[in-house]
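> 3D, please:
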Amino acid sequence: GGGAIGSIAYVAIGRGYDEAAKPRMLALLSTAWVVPGLIGPGIAGLMAEGFGWRSVFLVLVPLPALAALLAFPSLRYMPAGVPSPETRARVVYAVVLAAGSGLVLTGIGLLQPALALALIAGGLALAIPALRRLLSPGTLRAAPGIAATIATMGLLNLAFFGVDAFVPLALVDVRGTSVAYAGLALTAATISWTAGAWIQARTASRVSRRATTRIGLVLLVVSFAITAAVLFPWAPVPVALAGWGVAGLGMGLAFTALGLAMLEQAEPGQEGDASASLQLATVLGSGLGAGVGGALIALMNARGETLTRALLLQDGSMLLIIALAFVAARGLPGRTPAATPRP
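Purely as a prediction, here's the structure:
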């Protein structure tokens, strides 16, 4: 459900707004994800204490219906797209991709080398062909155009969530902070992500998608270096809050710029296919970043390595992913498009 809603939102922005309004709408979309994340946990905590934890889930039941009532009247007037001849086949490829990804993640976490290699090889044999059929042509080699946009989005999310998932672990288990304090680092990234999205919206007419994305990637490099430094006792713990806030700012810039680049490059009527490819790259990248990282850290821990060393290796690996994303971003548009209003 969440994946479908994300794709529909991109399609609605692509078909319903002129070029000048799209950056602001994407920034609003980021805000719509972030604001509930800021106020939701506090409200949920109060409700759980006052009315029990079941009340938190029950109060959410009418919200999808309310959202549908607000969205459906406008969506009915949205222009139809061009049907894809491979719609049914893509469902099968999606199932195959999920199975292959599961095998890879399972294999990475095993201590038996022979079985681990067999599962990883089998998973890749299933996942890679399915991924080629689900993503836009040329995505796996970051061909210039929309393929490079989708490839960069996947690498961006892989790198960010490959570190983000372990920031609380680093602060709580390595530096001895409270869970609440570690949550402040994630909150800082959430707020700065929104700020980055709005900065991108204000500069979209002057700064190219390639430049904005690369600025965001550079900010992630800075943030990863700060996060790695906090693993050592000589680094002040509060630096982690500022460091991970820098990561959120970089994501707000790059993530929104890539979404805008996808909408600008999608063929008329094909926004749905392009949005689905971008969503797939986003979800797959974030899932692999956290999943592979978790398996790697668990494997190193089982072999007697310290948590600090495991986290440093994970951060270093994600820096390499950022380097790949920087190279892939060369295929993004190097100029800002002319803003032409819709008739």
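
> these two touch, right, residue 239 and residue 229?
Yes: the pair residue 239 / residue 229 is scored as a contact, 7.2 Å apart, by Cβ atoms under 8 Å. Every C-beta, even on glycine, is put in place using the N, C-alpha and C of the backbone.

> mind listing the helices for the protein?
2-16, 22-51, 53-58, 62-75, 87-108, 113-134, 146-164, 167-169, 179-203, 209-229, 239-265, 271-302, 307-328 (DSSP state H).

> What pLDDT does the model give the nearest residue to residue 48 once chain neighbours are set aside?
Take residue 48 and drop its neighbours on the chain: the residue closest to it by Cβ to Cβ, 6 or more residues apart in numbering is residue 56, 5.8 Å away. Here the pLDDT value assigned to residue 56 is 81.

> try residue 52
pLDDT, read off for residue 52, is 81.

> ok, it - contacts?
Contacts for residue 52 (Cβ atoms under 8 Å, 6 or more residues apart in numbering) come out as none.

> what does the domain assignment say about this structure?
Structural domains of the chain, as assigned by automatic domain parsing, span the residue ranges 2-39+58-75+139-331, 84-134.

> which residues does the residue most central in space within the chain contact?
Residue closest to the average C-alpha location in the chain (Cα atoms, centre = their mean): residue 157, at 3.9 Å. With contacts defined as Cβ under 8 Å, 6+ apart, residue 157 is in contact with 255, 281-283, 285-286, 289.

> Kindly recompute the last result at 10 Å.
Contact analysis of residue 157 by Cβ atoms under 10 Å, 6 or more residues apart in numbering lists 164, 251, 254-255, 258, 281-290, 321, 325.

> Any chance of a PyMOL selection covering the buried ones in those residues?
In PyMOL syntax, the buried subset of the contacts of residue 157 is picked out as below (16 or more other Cβ atoms under 10 Å):
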select buried, resi 164+251+254+255+258+281+282+284+285+286+287+288+289+290+321+325
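
> circling back to that earlier point, any idea which of the domains of the chain has the lowest pLDDT on average?
Among these, domain 84-134 carries the lowest mean pLDDT, at a mean of 83.

> how distant is that one from the center of its chain?
Centroid separation for domain 84-134 versus its chain: 20 Å, with Cα atoms, centre = their mean, to the nearest Å.

> same thing with stretch 158-168?
11 Å.

> Stretch 273-288 now?
Stretch 273-288 sits 8 Å away from the centroid of its parent chain (Cα atoms, centre = their mean).

> got it, and stretch 137-157?
14 Å.

> Could you list the buried residues of it?
Result for stretch 137-157 [16+ other Cβ under 10 Å]: buried residues 138-139, 142, 145-157.

> Assess the claim that residue 212 and residue 258 are in contact.
Yes: with contact taken as Cβ atoms under 10 Å, residue 212 and residue 258 are classed as touching, separated by 8.9 Å.
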